[in-house]
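> just a sequence and a predicted model for now, questions to come.
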Amino acid sequence: MSDPTGEAIEQAWREVVATARRTAAEGLVVGTSGNVSVRLGPVVLVTPSGVPYDRLTDADTVAVGLDGRRLIGTLGPTSELPLHLEVYRNTGARAVVHTHAVHATAVSTLVSELPPVHYMTAALGGPVRVAPYALYGTRTLAENMLIALEERTACLLRNHGTIAYGDSLEQAYDRTAQLEWMCRVWLTASSVPGLAPSLLTGADLDEAAERLRAYGQPT
């Protein structure tokens, strides 16, 4: 893809801000935590560090290259920029959403993989792994994340939160929300004394994945 036009960048930035505000409105982040990005060819638009989403305007556009070099804007990009760039460098992602969702973060402290309690696990590529803990904003965290994301479109970050990617901001956000919901289901079911949640098998997930590929309205 060639360099994006100014109009394309303006539209994409509005979508980034709208998605970031949605993560806050729907309780997936608190304050200025979490971050959102979208890729337009060689350009990555990303939320800035430490700025409340409701204060962002078109004049606050932040864009970097895949090497992290700032291309547009005066605000500094999110401290989690290494996570976003590694996803773009190593997958076909067009958008990334990172949150500190409560239930998902809680699960990240308990297990090394979210047990498959629901068939939507298949929509994320299989059981969602937990990347080992590393300090936020570091290369180590990004490397741990890439391993957890192998053949997956989302993962948990231990004692930290979630990251999900997709072909669009809408898809990346939907995957984030599905992951948070599944974490909540597992925590709820696991809290019943004397009982353990039933889990789906690999065959169950394969069958669901096949069905999901045909899900939705024909185009």
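Nice, thanks for sending it over. Just so we're clear, the structure is a prediction, and the values are computed from it rather than from any experiment.
> just give me the neighbour total for the closest residue to Q171 other than its chain neighbours.
With sequence-adjacent residues excluded and distances taken as Cβ to Cβ, 6 or more residues apart in numbering, Q171 is closest to A95, at 7.0 Å. In short, each C-beta sits where N, CA and C put it, glycine included. Number of residues near A95 (other Cβ atoms under 10 Å) recorded here: 28.
> residue contacts, A95?
Counting by Cβ atoms under 8 Å, 6 or more residues apart in numbering, A95 makes contact with V36, S37, V38, R39, Y165, G166, D167, S168, L169, Q171, A172.
> at 7 Å what do you get?
For A95, the contacting residues are S37, V38, Y165, G166, S168, L169, A172, taking Cβ atoms under 7 Å, 6 or more residues apart in numbering as the criterion.
> E80 now?
The neighbours of E80, taking Cβ under 7 Å, 6+ apart as the test, are N35, H98, Y136, G137.
> mind checking which of these land in strands?
With strands defined by DSSP state E, the entries of those inside them are N35, H98.
> which one of the contacts of E80 is nearest to N144?
For N144, the nearest member of the contacts of E80 is Y136. The distance, counting by Cβ to Cβ, is 11.6 Å.
> sec struct for the nearest residue to L135 once chain neighbours are set aside, please.
For L135, the nearest residue in space outside its immediate sequence neighbours is L141; the separation is 6.6 Å by Cβ to Cβ, 6+ apart. Three states are possible here, and by DSSP: H, G, I helix; E, B strand; the rest coil the one that applies to L141 is helix.
> does L141 really touch Y133, like I thought?
No - under the criterion of Cβ atoms under 7 Å, L141 is not in contact with Y133, lying 8.2 Å apart.
> between those two, who's got more neighbours?
Residue environment comparison for L141 versus Y133 gives the larger neighbour count to L141, 23 against 15, counting by other Cβ under 10 Å.
> ok, the more buried one - contacts?
With contacts taken as Cβ under 7 Å, 6+ apart, L141 has the following neighbours: L83, A134, L135, L157.
> ok, back up a step: most surrounded residue in the contacts of E80?
Using other Cβ under 10 Å as the neighbour criterion, H98 leads the contacts of E80 with 30 neighbours.
> that residue against L83, yeah?
Yes - the pair H98 / L83 is scored as a contact, 6.1 Å apart, by Cβ under 7 Å.
> give me the neighbour count for the nearest residue to T105 once chain neighbours are set aside.
Taking Cβ to Cβ, 6+ apart as the measure, T105 lies nearest to G161, with 5.2 Å between them; neighbours along the chain are not counted. Around G161 sit 23 other residues, with neighbours defined as other Cβ under 10 Å.
> if we can go back for a sec, closest to A209 among the contacts of E80?
Sorting those by distance to A209 puts H98 at the head of the list, at 24.7 Å, by Cβ to Cβ.
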